[in-house]
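K.L.:
can't give you the sequence, but here's the structure:
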């Protein structure tokens, strides 16, 4: 499973992308403050908060998917059913996912017993997390929120934009 993280990330995008994009658009329309401004990232503080082992937040993911399924149920019950069955399958797979960020820019991703080593670094004053896998494929994620127990990353652009939440 060389690209487990990438495959699961794409699977999450396919199932969850719409719900998360709609949520972000609604938040901006309401005039809510941007989540990143409340946790203004700095390189040194984000680095120390990032270190350690993070687990994919399955409950948060399931909550978002349930909201999306409920939203489309009246107009497209088949789509709602697809979302719910995908939610359970992906939730089970992603529930085993952990990412450990280590000092010196090393990281270790584990999904369903498969471990992949890579590297990480912060850019843009601590606002962007760059991760590089075994095959030197680089991915950049914007840090939306980071605390001692919660990490929210956003990747992609436009319709492909997605937020993923991790917990300690």
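P.N.:
Received the coordinates, thanks. Computed from a predicted model, the values in this text were never measured in an experiment. Numbers count the residues shown, from 1 in each chain.

K.L.:
where does pLDDT dip in this structure?
P.N.:
1-42 (pLDDT under 70).

K.L.:
what ranges do the strands span in it?
P.N.:
52-56, 98-101, 106-111, 114-123, 128-132, 138-146, 150-155, 162-167 (DSSP state E).

K.L.:
I'd like these as CSV, with distance to residue 63 appended.
P.N.:
Where you see a C-beta, it was placed from the backbone N, CA and C, and this is true even at glycine. Listed next are the strands of the chain as CSV, based on distance: least, C-beta to C-beta, whole Å:
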stretch, distance to residue 63
strand 52-56, 13
strand 98-101, 20
strand 106-111, 21
strand 114-123, 27
strand 128-132, 24
strand 138-146, 16
strand 150-155, 14
strand 162-167, 10
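
K.L.:
which of the ones you listed sits closest to residue 75?
P.N.:
Residue 75 sits nearest to strand 162-167 of all the strands of the chain, at 23.1 Å, using C-beta to C-beta.

K.L.:
okay, now the sheet partners of that closest one, with direction.
P.N.:
The strands beside strand 162-167 in its sheet (DSSP bridges) come out as strand 52-56 (antiparallel), strand 150-155 (antiparallel).

K.L.:
wait, residue 50 touches residue 148, no?
P.N.:
No - judged on C-beta atoms under 8 Å, residue 50 makes no contact with residue 148 at a distance of 10.4 Å.

K.L.:
tell me which of those two has more neighbours.
P.N.:
More neighbours surround residue 50 than the other of residue 50 and residue 148, with 19 against 9 (other C-beta atoms under 10 Å).

K.L.:
I'd like to know how far the more buried one sits from residue 141.
P.N.:
To residue 141, residue 50 is 11 Å away according to C-beta to C-beta, to the nearest Å.

K.L.:
related to what we said a few turns ago, including mean neighbour count, could the strands of the chain go into a markdown table?
P.N.:
Listed next are the strands of the chain as a markdown table, based on neighbours: other C-beta atoms under 10 Å:
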| stretch | mean neighbour count |
| --- | --- |
| strand 52-56 | 18 |
| strand 98-101 | 18 |
| strand 106-111 | 17 |
| strand 114-123 | 15 |
| strand 128-132 | 18 |
| strand 138-146 | 17 |
| strand 150-155 | 20 |
| strand 162-167 | 20 |
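
K.L.:
nearest to residue 78 among these would be which one?
P.N.:
Between residue 78 and the strands of the chain, the shortest separation by C-beta to C-beta is 23.0 Å, and it involves strand 162-167.
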